[in-house]
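Colleague: Give me the fold of what follows.
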Amino acid sequence: MQNLYWQLFSSFFRIGSFTLGGGYAMIPLIQHEVVEKRKWMSEEEFLDMVAMAQSAPGVIAINTSIFVGYKLKGIKGSVACALGSSLPSFLIILTIAISFTSFADNPTVERLFKGIRPAVVALIVAPLWKMSKAAKLTWKTAIIPIAAALLIWQLNVSPILIVLLAIIGGIIAHCYLPKK
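Modeller: Okay, the predicted model is just below:
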């Protein structure tokens, strides 16, 4: 059997190499690799890790990879996963930065990036839909994320304030609402 550290590094390196659109676009690929393909954790554990990764400062995909690595192999596993998921982006950005001046104003490149945008949106929406099912989101509980998105989008409320209010609301609900 392959060394688990190498499996962690190579899995996240592959995901980081072939994902466009940032951290949220990586989540469905991480979920597929970690939950469905490798069976390193359950869907519920993965959802909990994504929730923690969203709460922690930094890029969600890196945070998620760190949590996966830590669960499986402690600090060394976290390092392997973090390097695997961040190294491809670093190398790609370094390459682009070195050669950017030669194609910055190229209309074909501009059109290419505009064409990628709808695919990125789909890559973000797909895991949200899947995670909402796994989290047993109902129309009643969907009000909270919809309200948060509208507050941020329409009223320019700080996401930090939304997170703080959600924490306070969760504590109050846990302490004062009847348990089911």
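
Colleague: low-confidence ranges in the chain?
Modeller: Under the criterion pLDDT under 70, the flagged ranges of the chain are 1-2, 104, 180.

Colleague: Ramachandran coordinates for Ile160?
Modeller: Note on Ile160: its backbone torsions stand at phi -60, psi -40 [degrees, to the nearest 10].

Colleague: That one and Ala97, how far apart?
Modeller: 30 Å (C-beta to C-beta, to the nearest Å). Placement of C-beta: from N, CA and C, glycine included.

Colleague: can you check Met26 too?
Modeller: When distance is defined by C-beta to C-beta, Met26 is 21 Å away from Ala97.

Colleague: quick one: which of those two has more around it?
Modeller: A direct count of neighbours by other C-beta atoms under 10 Å for Met26 and Ala97 places Met26 higher, at 27 against 9.

Colleague: and that one, what is it in contact with?
Modeller: For Met26, the contacting residues are Ile15, Gly16, Thr19, Ile60, Ala61, Thr64, Ser85, by C-beta atoms under 8 Å, 6 or more residues apart in numbering.

Colleague: Filter these down to the buried ones, ChimeraX style.
Modeller: The following ChimeraX line selects those of the contacts of Met26 that are buried, judged by 16 or more other C-beta atoms under 10 Å:
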select :15,16,19,60,61,64,85
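
Colleague: Please consider this matter closed, and thank you.
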